[in-house]
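**Q** need a 3D model of the sequence below.
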Amino acid sequence: MTPALVLAAAVPPESTQQAVGYPSLFLLVVVGSLVPVVPTGAVVSSAAVVAFHHASPLAPLYVFGVASLAAFLGDLGLYGLGARGLRAGSGSRWPERLRVQAAPERLARARERLRTHGVLVLTVSRLVPAGRIPVMLACLLSRMPLATFARGDAPACLAWTATYQLIGVAGGSLFGRPWQGVVAAVALTALVGAVPAVWRRVREPRGEV
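**A** Below is the predicted model of the structure:
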């Protein structure tokens, strides 16, 4: 069972949602930001579905606040670890772990866009699937201070949460039961994440000719 479905199963009643659901959402998004293996977009979309079907009109706001804060803290944690690793040189593996997850061509594009547009690139990077790590690594290699990174990353996290929450609401509005909306939201999130990769594969043969 995916983390998104686990979260959805954990949240239905209001008392459970407050005691388990929001902490689970926070933890999953933080962990997914630090270790990019948890599908955080699907987690937020699933939580948005449950909030959409919830009786409380404040539930979507809680999801938005918790997910945005978790994404922001996770990004700051990962950036801080990367910056400390660069200062330590060969004493830390964090920069190398980020390099493994950033294709060289993406890193080159991210560094060029960072030079051209500054921290505005951070906002776009979180909205593009697999775009966050190359831009974060470009910021690290340019020795961007943590405070500067935080100023650019805060609106990025807000925009990212709003986008995936809207995907969840779109999926949840199609069905009467939360679990059906969760399945639809996870499918929509997977589709959004797959489109850029498919587009790049379609364009690659043309570029080689």
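**Q** where in this protein is pLDDT low?
**A** Residues of the chain meeting the criterion pLDDT under 70: 1-20, 55, 89-97, 99-103, 172-209.
**Q** just the helices in it please.
**A** Taking DSSP state H, the helices of the chain run over residues 3-10, 14-16, 22-34, 40-52, 59-88, 94-101, 104-117, 120-127, 132-141, 146-172, 178-208.
**Q** tell me which other helices or strands the fifth one touches.
**A** Pointing back at helix 59-88 there. Here helix 59-88 touches helix 22-34, helix 40-52, helix 94-101, helix 132-141, helix 146-172, going by 3 or more C-beta pairs under 8 Å, 6 or more residues apart in numbering; DSSP states H and E. In short, each C-beta sits where N, CA and C put it, glycine included.
**Q** same thing but at 10 Å, please
**A** helix 22-34, helix 40-52, helix 94-101, helix 120-127, helix 132-141, helix 146-172 (3 or more C-beta pairs under 10 Å, 6 or more residues apart in numbering; DSSP states H and E).
**Q** any buried residues in the last one, and which?
**A** Right, the one you point to is helix 146-172. Of the residues in helix 146-172, 149, 152-165, 167-172 count as buried by neighbour count, 16 or more other C-beta atoms under 10 Å.
**Q** next one: stretch 52-70
**A** 52-54, 59-60, 62-64, 66-70.
**Q** related to what we said a few turns ago, out of the helices and strands packed on helix 59-88, flag the one nearest Arg111.
**A** Nearest of the helices and strands packed on helix 59-88 to Arg111, taken as C-beta to C-beta: helix 132-141 at 4.4 Å.
**Q** kindly calculate the angle that that closest one makes with helix 146-172.
**A** 170 degrees (axes from the mean of the first three to the mean of the last three C-alpha atoms, to 10 degrees).
**Q** alpha carbons of helix 132-141, as PDB, please.
**A** The C-alpha trace of helix 132-141 is given here as PDB (Å, rounded to 0.1, in the frame of the first residue of the first chain):
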ATOM      1  CA  ARG A 132      13.700  20.400  -7.300                       C
ATOM      2  CA  ILE A 133      17.000  18.500  -6.700                       C
ATOM      3  CA  PRO A 134      19.000  19.900  -9.700                       C
ATOM      4  CA  VAL A 135      18.000  23.500  -8.800                       C
ATOM      5  CA  MET A 136      18.800  22.900  -5.100                       C
ATOM      6  CA  LEU A 137      22.200  21.400  -6.100                       C
ATOM      7  CA  ALA A 138      22.900  24.400  -8.300                       C
ATOM      8  CA  CYS A 139      22.100  26.700  -5.400                       C
ATOM      9  CA  LEU A 140      24.500  24.700  -3.200                       C
ATOM     10  CA  LEU A 141      27.300  24.800  -5.800                       C
END
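**Q** which other helices and strands does it contact?
**A** Using 3+ C-beta pairs under 10 Å, 6+ apart as the test, helix 132-141 ends up in contact with helix 59-88, helix 94-101, helix 104-117, helix 120-127, helix 146-172.
**Q** now these in TSV, please, with extra columns for distance to Leu137.
**A** Listed next are the helices and strands packed on helix 132-141 as TSV, based on distance: least, C-beta to C-beta, whole Å:
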stretch	distance to Leu137
helix 59-88	7
helix 94-101	5
helix 104-117	6
helix 120-127	11
helix 146-172	12
